[in-house]
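Enquirer: turn this into a structure:
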Amino acid sequence: MRTEEEKLSNWHGLALSMRTLNCFRNHNIENIEQLTNMTQADFLRWSNFGRKSLKDLEYQLAKKGLNIARDVWDPRHAPEGEKLYNEYIEAKGKWELFREQYYVNELRRQLAELKTNPLADS
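Expert: Numbers count the residues shown, from 1 in each chain. As a prediction, this is how the structure comes out:
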């Protein structure tokens, strides 16, 4: 079992792309602890550090039993956030159902229009 100090040591042992490692050097990241204190948004602000680099970093940290800091804006991590998130998902579902019903009704209207005037240009 690794000690906490070993887990947070130098990031050179992580199997990451050269691009990602260069980003660490360019931003003076010296150890894994610095990485675990940053959020996804922090990383994505860096040039040459995109979603693929972020996914690879999160995977490598997870193999060590670590993860990056949570983004504050994620409502699920705020007080009462889970409730707000569930309300959002419910509202989104209702909107998608409404939109689907609208398109079905629009298709029915167009079909009825074609039946009444079969020579009409579409």
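Enquirer: quick one, domains of this structure?
Expert: 4-63, 75-116 (automatic domain parsing).
Enquirer: looking at those, which has the lowest confidence?
Expert: Looking at those, the lowest mean pLDDT belongs to domain 75-116 (a mean of 76).
Enquirer: and among the domains of the chain, the most buried is which?
Expert: Of all the domains of the chain, domain 4-63 has the most neighbours on average by mean count of other C-beta atoms under 10 Å, namely a mean of 14. All C-beta spots, glycine's among them, are computed from the backbone N, C-alpha and C.
Enquirer: centre of the chain to that domain, how far?
Expert: 17 Å (C-alpha atoms, centre = their mean, to the nearest Å).
Enquirer: follow-up on the earlier one: between the domains of the chain, which gets nearest to residue 69?
Expert: Minimum separation from residue 69 across the domains of the chain (C-beta to C-beta) falls at domain 4-63, 4.8 Å.
Enquirer: before we move on, back to that, redo the domains of the chain as JSON lines? Include distance to residue 69.
Expert: JSON lines is the format used below for the domains of the chain (distance: least, C-beta to C-beta, whole Å):
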{"stretch": "domain 4-63", "distance to residue 69": "5"}
{"stretch": "domain 75-116", "distance to residue 69": "10"}
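Enquirer: and residue 100, how far is that from residue 112?
Expert: Residue 100 sits 19 Å away from residue 112, going by C-beta to C-beta, to the nearest Å.
Enquirer: one more: residue 54?
Expert: 51 Å.
Enquirer: ditto for residue 43
Expert: The value you get for residue 43 to residue 112, if C-beta to C-beta is used, is 54 Å.
Enquirer: go on, residue 92?
Expert: 31 Å.
Enquirer: would you map the helices across this protein?
Expert: With DSSP state H, the ranges of helices along the chain come out as 4-7, 18-26, 32-36, 40-44, 51-63, 81-116.
Enquirer: mind checking the ones you listed for the one nearest to residue 70?
Expert: Of all the helices of the chain, helix 40-44 comes closest under C-beta to C-beta, at 8.6 Å.
Enquirer: just checking, what packs against that closest one?
Expert: helix 51-63 (3 or more C-beta pairs under 8 Å, 6 or more residues apart in numbering; DSSP states H and E).
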